[in-house]
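Chemist: after the sequence you'll find the predicted model.
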Amino acid sequence: MDGRDLLQLLFPCLDAAHRAEVRVLSDGRCVRRSFCTDIGEALQIAAADAGAADVLFGVAARGGGAGGGRDNLAYAAALWADVDAKCYRDKATALDAIRRTPPLASAVVDSGSGYHAYWALDAPCSLADPAGVDAVEGIMRGLQQALRQPGGRALDACHDAAHLLRVPGTLNHKAPPPLPVAVVELHGDRRYRLDDLACLYVPAAAATCAIGFDGEERDADDVLARAVASGLSARMRDLIVDGGIDPYPSRSERDQAVVVALLGCGTEPDDVRAIFAELPVGERYREPGSGDRYLAGCIGKARAYLAARPTGRTYGALAPDVTERVAVERACRELARISRALPATRAELGRRLRRSRATVEKYLGWGIRLGWYRRAAPADGGPGRPAARYELVDGVRPRVQSGAAYARDAAAVARLRQGALKAQVSGAGDADP
């Protein structure tokens, strides 16, 4: 079983009007989007970027128009659910729930942090009209509820017909070490009529439907100033105005934390919308296919979170040990990417890795201080002053992100962050690329 078998199940017809969307994400940001008319082409794109980035695909076929949003959907040949291990006692319990809960899944994919379950349809359902989209999404909401453990956490909301899941045969880079994404089970004979699954239909959640935006324009800077005056933390304010994600692993998790913090200090949904519409934190919100629907989902989850925690302001910050661990993991991930791209100049690293000059300089400096990188000897001859190139130190292999080697790297990075290595480095100014 491999990714080809699954994609053949999900895309029985591909042509100019029915395409498979593949997205390549780096640090939660889309760096490449392709629309494929051949399964082999989609797998080739996935394989090319799997080593250094997350590769996802739209489970529903896209139409011949532009973009991968809800307005350009063609058909769904299967239904799906994201069964994350965090919603169960452990990962094995999550897999057991999929195997025991009717209707039995047609395919199961290990996503690294959980499983993706698929239910193949006997005939593709057209998504060209709202009725088809509503039917598919309503039944998937029911499947998510059926898989939920009694008294346990609700599964991640992935019933959006334009949702993307991970491509089997790639790696999940959400947190180091990268974890393989692989097909666990595939039962091509398990196919269901959509009408037979109609008993599972659940209408849109009341919390999400109740969130409406009045459309009135608001000044985002004024909204943010009021939120700060009402107790919004400086860290959350910085995330909003800078658009960074540290210490969160992805933009979606950062967005969720920001929304929780804003609602927690009394900000109204329309004011939250103004912030995401105008300020850097709203990058994902402003992408095609996200918008108000995405933000309404974040607000609904935030309301549920705050209702369960009516006292205390724990939503504004991670525990110090968690913050440090996430920061170290992010630094290790960046250093590993740079290691694989060396030798190169700063400018070449920025282009290849799609990182800012400041980010490249920061982690090159860290790598030099750790004794992993060095300036390459300048080439003889040539007009002018050539740009400095950097390379791995002799005997140092490209950084890995698994096992004992990763543990050593993470410990060294943690010591550097804490300042323990600075006193051991002579001529610290030379470390500045």
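Modeler: Sure, I can see it.
Chemist: any weak-confidence spans in the stretch 151-300 of the chain?
Modeler: The stretch 151-300 of the chain contains residues with pLDDT under 70 at 151-152, 204-212, 214-217.
Chemist: ok, now with 80
Modeler: For the stretch 151-300 of the chain, the stretches with pLDDT under 80 are 151-157, 175, 203-218, 246-250, 288-289.
Chemist: show me where it has helices.
Modeler: 206-209, 220-229, 234-242, 251-264, 269-278, 291-308 (DSSP state H, counting those that start in this stretch).
Chemist: any chance of those in CSV with mean neighbour count and distance to Ala42 as columns?
Modeler: Glycine gets a C-beta too; all of them are placed from N, C-alpha and C. Formatted as CSV, these follow (neighbours: other C-beta atoms under 10 Å; distance: least, C-beta to C-beta, whole Å):
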stretch, mean neighbour count, distance to Ala42
helix 206-209, 12, 31
helix 220-229, 16, 39
helix 234-242, 17, 34
helix 251-264, 22, 23
helix 269-278, 22, 31
helix 291-308, 18, 25
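Chemist: and Gly67, which of the ones you listed is closest to it?
Modeler: With C-beta to C-beta as the measure, helix 291-308 is the member of the helices of the stretch 151-300 of the chain nearest Gly67 (11.9 Å).
Chemist: return the distance of that closest one from the chain's centre.
Modeler: Put simply, helix 291-308 sits 18 Å off its chain's centre (C-alpha atoms, centre = their mean, to the nearest Å).
Chemist: now that helix against helix 251-264, angle please.
Modeler: Between helix 291-308 and helix 251-264, the angle comes out at 60 degrees (axes from the mean of the first three to the mean of the last three C-alpha atoms, to 10 degrees).
Chemist: show me what helix 291-308 is packed against.
Modeler: Identification of packing neighbours for helix 291-308 by 3 or more C-beta pairs under 8 Å, 6 or more residues apart in numbering; DSSP states H and E yields helix 206-209, helix 251-264, helix 269-278.
Chemist: between those, which one is nearest to Ala128?
Modeler: Of all those, helix 206-209 comes closest under C-beta to C-beta, at 23.5 Å.
Chemist: residue contacts, the nearest residue to Gly132 once chain neighbours are set aside?
Modeler: Spatially, and ignoring its direct neighbours in sequence, Gly132 is nearest to Ser126 (4.9 Å; C-beta to C-beta, 6 or more residues apart in numbering). Taking C-beta atoms under 8 Å, 6 or more residues apart in numbering as the criterion, Ser126 is in contact with 74-75, 132.
Chemist: ditto for Asp49
Modeler: Asp49 sits next to 24, 32, 55, 170 when contact means C-beta under 8 Å, 6+ apart.
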